[in-house]
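# dropping the sequence and predicted coords here.
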Number of protein chains: 2
Amino acid sequence: MARVVVDVMPKAEILDPQGQAIVGALGRLGFSGIADVRQGKRFELDLDGDVDDVTLERIASELLANTVIEDFVVSRVDS
Amino acid sequence: MARVVVDVMPKAEILDPQGQAIVGALGRLGFSGIADVRQGKRFELDLDGDVDDVTLERIASELLANTVIEDFVVSRVDS
């Protein structure tokens, strides 16, 4: 079965309070060397038919990502 | 600056209601050919020092993932 991964991340110019909270927690827990963390979403789609790239882009942009504040990357992977 | 990506996904045996909601929405929106969707998290860490693999595994397992219900993968990427 074909698998598609859609990675959705906050745009670079958008504040990411969840990522900043993790940076703070890392410091309090004694982990050093991490300058920045950004948190996004990962979607794994299992295809049971042929779905073309245009349709996958539409699914990502219309349903999975909020393109006002998020960027997305669609990639086909072997599963 | 080195970048590390941590992908966190619900374990296969764990129900994923968010993913199931997306499967339902895809059907209602007229997209076909998607058998299953699972939703997880993606963390992008920017390192400003040397952080060894053992430390990265600890960060992922202690802070980023709930290893009772989630699996994680740590990968170093070029940025």
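That came through, no problem.

# ok, residues contacting the biggest helix by length in chain A?
For chain A, the helix with the greatest residue count under DSSP state H is helix A:17-28. Residues outside helix A:17-28 that contact it (CB atoms under 8 Å, 6 or more residues apart in numbering or on different chains): A:10, A:32, A:34, A:36, A:37, A:38, A:39, B:43, B:59, B:63, B:64. Any C-beta I mention is one placed from the backbone N, CA and C, and that applies to glycine too.

# where do the strands sit along chain A?
Counting by DSSP state E, one finds strands in chain A at the ranges A:2-10, A:34-47, A:70-77.

# indicate which one of those strands is closest to chain B.
Closest to chain B of the strands of chain A is strand A:34-47 (CB to the nearest CB; 3.8 Å).

# re the thing from before, drop anything exposed from the contacts of helix A:17-28.
Burial by neighbour count, judged by 16 or more other CB atoms under 10 Å in any protein chain shown, picks out A:10, A:34, A:36, A:37, A:38, A:39, B:43, B:59, B:64 from these.

# picking up where we left off before, now the longest helix of chain A, how far from the centre of its chain.
Here the centre of helix A:17-28 is set off from its chain's centre by 18 Å, with CA atoms, centre = their mean, to the nearest Å.

# over to stretch A:8-22?
Using CA atoms, centre = their mean, the offset of stretch A:8-22 from its chain centre is 11 Å.

# mind listing what's buried in that stretch?
Across stretch A:8-22, burial judged by 16+ other CB under 10 Å covers A:8, A:9, A:10, A:16, A:19, A:22.
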